[in-house]
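Asker: predicted model and sequence follow; I will ask about them next.
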Amino acid sequence: MKEAMKVGIGQTPQLCQDALIEMLRELFAGKKYNGQEGRKPLAIFKQDLPIPEENDVDADTDVAHAPYIVVRMTGGEIADDKSPQTVEFSLIICAYDTGIERAGFQDVANIKEDIVQRACTVPYFGGAFTILKPIAWALQQDDTAPYYYGAVTMNCTAPAMTQDTELEGLL
């Protein structure tokens, strides 16, 4: 198994996504943001929100998911035999705030900034993955109060298994 890890076998885009989620959980551990019925920890979901089990009866209760981040893998590329695989991610951020000042965007902006600063200062995570620049972000322009949204998009590297890599491992 150690030989396999030397050549990057098993360091798939899905494992990159799992490692990115774990890095975000560590980054936001102990932090709370506005949610339905008060401040609560940030929920982090892989690829999509869970499918609702009932109608929208829980939208404004603590059962609802906000605040959250959805870590969505959106694509990838292996440019050539010598390059690592590039995996594209969109981190969709949602916060909730019913205040008349509509300050929910502030939680979204703070969450976004924590992600960007972590990516810029320590771009390595999961033992095999690297966040590349540029890192792009956006805040929602439409009015969907009391929900506020933003996103961070980034590319990460993951080892790519190619013929040359396999051959080098055998030599």
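Answerer: Received, thanks. Since we're looking at a predicted model, the values are computed, not measured.

Asker: tell me the SS of D18?
Answerer: The three-state label for D18, taken from DSSP: H, G, I helix; E, B strand; the rest coil, comes out as helix.

Asker: gap between it and A66?
Answerer: Counting by CB to CB, to the nearest Å, the gap from D18 to A66 is 23 Å. In this view, the C-beta of every residue, glycine as well, is placed from N, C-alpha and C.

Asker: quick one, which of these two is more surrounded?
Answerer: A66 (25 against 14; other CB atoms under 10 Å).

Asker: number of residues surrounding D48?
Answerer: A count of nearby residues for D48, using other CB under 10 Å, gives 10.

Asker: no no, Y96
Answerer: For Y96, the number of neighbouring residues by other CB under 10 Å comes to 23.

Asker: and if you look at R102?
Answerer: Around R102 there are 13 other residues, counting by other CB under 10 Å.

Asker: now I69
Answerer: The local packing of I69 (other CB under 10 Å) involves 23 other residues.

Asker: same question for the one 4 residues further on.
Answerer: M73 has 17 neighbours, counted by other CB under 10 Å.

Asker: pull up the gap between it and V152, please.
Answerer: Counting by CB to CB, the gap between M73 and V152 amounts to 14 Å.

Asker: E77 now?
Answerer: Per CB to CB, E77 is found 19 Å from V152.

Asker: where do the strands of this structure begin and end?
Answerer: Using DSSP state E, the strands found in the chain span residues 32-35, 38-41, 43-46, 68-78, 85-96, 124-125, 129-139, 147-158.

Asker: neighbouring strands - and their directions - for the third one?
Answerer: To tie it back to what came earlier, the one meant is strand 43-46. Under the criterion DSSP bridges, strand 43-46 sits next to strand 68-78 (parallel) in its sheet.

Asker: list the buried ones in the strand it pairs with?
Answerer: By neighbour count on 16 or more other CB atoms under 10 Å, the buried set for strand 68-78 is 68-73, 76.

Asker: got it, and stretch 34-49?
Answerer: Within stretch 34-49, the residues scored as buried using 16+ other CB under 10 Å are 34-36, 42-44.

Asker: send over it as PDB, restricted to the C-alpha atoms.
Answerer: Written as PDB, here are the backbone C-alpha positions of stretch 34-49 (Å, rounded to 0.1, in the frame of the first residue of the first chain):
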ATOM      1  CA  ASN A  34     -26.800  33.800  12.500                       C
ATOM      2  CA  GLY A  35     -29.200  31.100  11.800                       C
ATOM      3  CA  GLN A  36     -32.900  30.300  12.300                       C
ATOM      4  CA  GLU A  37     -33.600  30.700  16.000                       C
ATOM      5  CA  GLY A  38     -30.200  32.200  16.900                       C
ATOM      6  CA  ARG A  39     -26.500  31.700  16.400                       C
ATOM      7  CA  LYS A  40     -25.300  28.200  15.400                       C
ATOM      8  CA  PRO A  41     -22.300  26.400  13.900                       C
ATOM      9  CA  LEU A  42     -21.700  26.400  10.200                       C
ATOM     10  CA  ALA A  43     -23.000  23.300   8.400                       C
ATOM     11  CA  ILE A  44     -20.800  21.900   5.600                       C
ATOM     12  CA  PHE A  45     -22.300  19.700   2.900                       C
ATOM     13  CA  LYS A  46     -20.700  17.600   0.100                       C
ATOM     14  CA  GLN A  47     -22.000  18.400  -3.400                       C
ATOM     15  CA  ASP A  48     -25.600  19.500  -2.500                       C
ATOM     16  CA  LEU A  49     -27.900  20.200   0.300                       C
END
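
Asker: no more questions from me, cheers.
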